[in-house]
Every structure is written in C-alpha cells, then in structure tokens.
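> What shape does this take:
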Amino acid sequence: MIRINLLPYREKAKKENVRRQVSILGGVLVLFVLILLAVHLYFTMSVSRLEAEVKAADAKLVALNKKVGDVEGLKREKKELEQKLGVIKTLEETGSSTSVCWTGWVGLSRKGTCGWKKSRSPRTVGSFASRGWPGTASRWRVS
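Numbers count the residues shown, from 1 in each chain. Model prediction:
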C-alpha cells in the first residue's frame, strides 16, 4: 500500500519552528534566572563584606576615640602644668614681697620672702597644728 502524507510539509515545518522557538524562549528564561541569581549572590556577598568592614571600622573608631580622650586629658593636664610653671616663673622673676605660704596665710618678712621657715623644734600655730593635722603649719615657725 502506498503511504500518503496527510499533513502538508509547511504545517510540519511550522510546528517544528514553534517548538524551536518555545525551547529557545525556555532556555533564555532559564539563563536569565541564573544570571539574576548570580547577580543577587554577588551583591549579597558584597553587602556582607561591607557590613563586616563597617563593623571593624566602628570597633577601631571606638578604640581611637578612647585614645583621643586620653590624649585630650593629657593635653589639659599639660596646659594646667604649663600655667602653674608660668606662675612660678613669674613669681621667681618678679621676686614678689608677698607670697602665699603653705597653709594659705600671707606673710611678709624684712627680706621679702614668705615669713615661714622650716624648724626642727616647731612652734605650733593654731589648734590643728598642735595635733599634726595634714595641711597645717605644725612643722613651721614664724621667722
């Protein structure tokens, strides 16, 4: 028996063309999804790396801020000491006839120095001095 092709040649080619286009479209979609997944993973890893860098930088910043605080404190102390040294130098240069003694009393003497001198046998001054309280002139005598 003779076989007769009931489907025309063009319809068969059309079906193959549609099938090829669908398979190409499916392949492109799969490729597109894979590319999106790769881009997503890349950016996720970049964000994680940057967050870790920020966390490390914050920790370093805290340590440096502590050091800056210490340096600022030292600068304040240095400034105070320089002011005190300046006052001492000024007093030494001017040879002021009045000076503040150890307990805060002002004394004058004939030579222009503080009227209190260290003594081995102290003459006590005030009730606290006789008891040897700190900050008193228990070991000082009037010149």
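
> where's I24 relative to V54, distance?
45 Å (CB to CB, to the nearest Å). From N, CA and C alone the C-beta is placed, and that goes for glycine too.

> what is the mean pLDDT for stretch 70-77?
Over the span of stretch 70-77, the pLDDT mean works out to 95.

> ditto for stretch 91-101
Stretch 91-101 comes out at a mean pLDDT of 68.

> Longest helix in this structure, please.
Counting by DSSP state H, the longest helix found in the chain is helix 9-94.

> how deep is V22 tucked in, by neighbour count?
Using other CB atoms under 10 Å, V22 has 10 neighbouring residues.

> before we move on, what about V33?
Counted with other CB under 10 Å, V33 comes out at 10.

> check contacts around it.
Taking CB atoms under 8 Å, 6 or more residues apart in numbering, we find V33 in contact with no residue.

> Any regions of the protein where pLDDT drops low?
Applying pLDDT under 70 to the chain picks out residues 1, 5-7, 96-143.
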